[in-house]
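J.: model the structure of this input:
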Amino acid sequence: MKRLFNILITTLLLVSCTGTRSYFPDNTPPADIHILRFDRSFLKLDVFSDSITPVDAIEELYDEYPDFMPFWVEEILGIPVEDTTYLRRVIPQFLHDTTYGFRTTNAKCAETFADITDIQKELNTAFGRLSTFYPTELPEIYFFISGFNRALSGTPDGNIAVGIDMYLGSDYEYYNRVVYDYQKQTMRKECIPVDIMTYFLFTHIPFASEKSRLLENMIYRGKIMFITSLLFPDEEPWEVAGYTRQQWQWCINNERAVWGLIMDKKDLYKTDPLVLTSYLNDGPFTSEVSQQSPGRLGMWVGWRIVQSYMEHNPQVTLKQLLANNDAQLILEQSKYKP
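T.: Numbers count the residues shown, from 1 in each chain. Now for the predicted structure:
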């Protein structure tokens, strides 16, 4: 019954709804995404002294993760790779600190991510679908402990690193010290597959327009979110957007007013960085619109335009959508009229 209710709600509110159109071949085979558990190997060091980590233990990490370990040491710990003496003293602090809650957080990570079967399955399915219209080399995914440093990062060899301590649940107590309330919505384990795919698409499908007006930026982000929603058809649209359900409902209820405001202010064709930042960057609200609005409304409206464009142009494939950088043409042919 709950699943049926969700389907009915999604049908009413869905921004990523595509009608009866099928974008992927039946029985599309899943990909084989590798998730490397650097987090587990690192947390094993917790058995050692509170003051210094043995040289052999650090060397084992370098041997097991010859590409990722140097990246983690320099980018996350901020230590030169060659400074193993200082590294031996920092790692115990990273493992055992109680001031910032690292010890508690490390234990929470081990518990929360003991089983990642669902994450693995969702990524395999999504990347399998992606390969049907965007063949690409599959990334490897590293799970690591970041010390509340970052959630996602690209590695020098083109792979993706996930700071799992940034996905322990929106109500995790220590997040109050490191992030704003509006950022907590996506700090949940179940958000990881969509976050990884969104990151992958943004880094592999670059902004290619010669113009940098709000319109081009909205359409670009709208394409990414539209495609992401197709790759995760079982996800609620507000989850794909990184919104709460209430924020999503606000967008639906105020869509016509938001579009009217954008047009009245002639913001669509502006290139002012402050205007673009307001509409496109994450924040507690979209300042150009309303303090009651969610952030990133430019992304949301762009998604709606792209959805409308694909519905009114059923001959356009996803590959053709990505290749079309004429934002004005997409807007016109979308017949978008909220």
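J.: contacts and neighbour counts: CA atoms only from here.
T.: OK.
J.: distance of P273 relative to I262?
T.: 16 Å (C-alpha to C-alpha, to the nearest Å).
J.: which one of the two has more residues nearby?
T.: The neighbour comparison of P273 against I262 (other C-alpha atoms under 10 Å) goes to I262, with 17 against 11.
J.: just the buried positions in the helix or strand harbouring the more buried one, please.
T.: Per DSSP states H and E, I262 falls inside helix 245-264. Buried residues in helix 245-264, defined by neighbour count with 16 or more other C-alpha atoms under 10 Å: 247-248, 251-252, 255, 258-259, 262.
J.: got the CA positions of that helix in CSV?
T.: What follows is helix 245-264, C-alpha atoms only, in CSV (Å, rounded to 0.1, in the frame of the first residue of the first chain):
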residue,chain,number,x,y,z
ARG,A,245,9.2,16.6,0.0
GLN,A,246,7.9,19.9,1.4
GLN,A,247,10.4,21.9,-0.7
TRP,A,248,9.4,19.9,-3.7
GLN,A,249,5.7,20.7,-3.1
TRP,A,250,6.6,24.4,-2.7
CYS,A,251,8.1,24.3,-6.2
ILE,A,252,5.1,22.6,-7.7
ASN,A,253,2.7,25.1,-6.0
ASN,A,254,4.7,28.1,-7.0
GLU,A,255,6.0,27.1,-10.4
ARG,A,256,4.0,29.6,-12.4
ALA,A,257,4.8,32.5,-10.0
VAL,A,258,8.5,31.6,-10.1
TRP,A,259,8.6,31.5,-13.9
GLY,A,260,6.7,34.8,-14.1
LEU,A,261,9.2,36.4,-11.7
ILE,A,262,12.1,35.2,-13.7
MET,A,263,10.6,36.6,-16.9
ASP,A,264,9.4,39.9,-15.3
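J.: residues making contact with that helix?
T.: 13, 238-239, 268, 289, 293-294, 301, 337-338 (C-alpha atoms under 8 Å, 6 or more residues apart in numbering).
J.: next SSE after it?
T.: helix 273-280.
J.: what does that next one rub up against?
T.: Contacts of helix 273-280 (C-alpha under 8 Å, 6+ apart): 213-214, 217-218, 267, 270, 286-288, 295-299.
J.: what's the answer for stretch 130-139, then?
T.: So stretch 130-139 is in contact with 24-25, 33-34, 127, 158-160, 231, 318-319, going by C-alpha under 8 Å, 6+ apart.
J.: okay, how far is it across that stretch, tip to tip?
T.: 13 Å.
J.: where's the closest residue to P314 other than its chain neighbours, which helix or strand?
T.: For P314, ignoring the flanking residues on the chain, the nearest one in space by C-alpha to C-alpha, 6 or more residues apart in numbering is R21 at 7.9 Å. Under the criterion of DSSP H and E, R21 resides outside all helices and strands.
J.: so what pLDDT did R21 get?
T.: pLDDT, R21: 78.
J.: which of the contacts of helix 245-264 count as buried?
T.: Buried among these by 16+ other C-alpha under 10 Å: 13, 238-239, 268, 289, 293-294, 301.
J.: in stretch 284-300, what's buried?
T.: Per 16+ other C-alpha under 10 Å, stretch 284-300 contains these buried residues: 284-289, 293-300.
J.: could I get those residues in CSV, plus columns for secondary structure?
T.: Output for the buried residues of stretch 284-300, formatted as CSV (DSSP: H, G, I helix; E, B strand; the rest coil):
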residue, secondary structure
P284, coil
F285, coil
T286, strand
S287, coil
E288, coil
V289, coil
S293, coil
P294, coil
G295, coil
R296, coil
L297, helix
G298, helix
M299, helix
W300, helix
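J.: farthest-separated two in the buried ones among the contacts of helix 245-264?
T.: Farthest-apart pair in the buried ones among the contacts of helix 245-264 is E239 and L268; separation 26.1 Å (C-alpha to C-alpha).
J.: the strands in the stretch 101-250 of the chain, which residues?
T.: Using DSSP state E, counting those that start in this stretch, the strands of the stretch 101-250 of the chain run over residues 141-144, 152-154, 160-163.
J.: now the ones you listed in JSON lines, with mean pLDDT, mean neighbour count and distance to Q333?
T.: What follows is these, written out as JSON lines (pLDDT from 0 to 100; neighbours: other C-alpha atoms under 10 Å; distance: least, C-alpha to C-alpha, whole Å):
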{"stretch": "strand 141-144", "mean pLDDT": "98", "mean neighbour count": "22", "distance to Q333": "38"}
{"stretch": "strand 152-154", "mean pLDDT": "96", "mean neighbour count": "18", "distance to Q333": "35"}
{"stretch": "strand 160-163", "mean pLDDT": "98", "mean neighbour count": "23", "distance to Q333": "36"}
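J.: could I get the ones you listed as JSON lines with distance to S209?
T.: Shown next, in JSON lines, are the strands of the stretch 101-250 of the chain (distance: least, C-alpha to C-alpha, whole Å):
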{"stretch": "strand 141-144", "distance to S209": "30"}
{"stretch": "strand 152-154", "distance to S209": "23"}
{"stretch": "strand 160-163", "distance to S209": "26"}
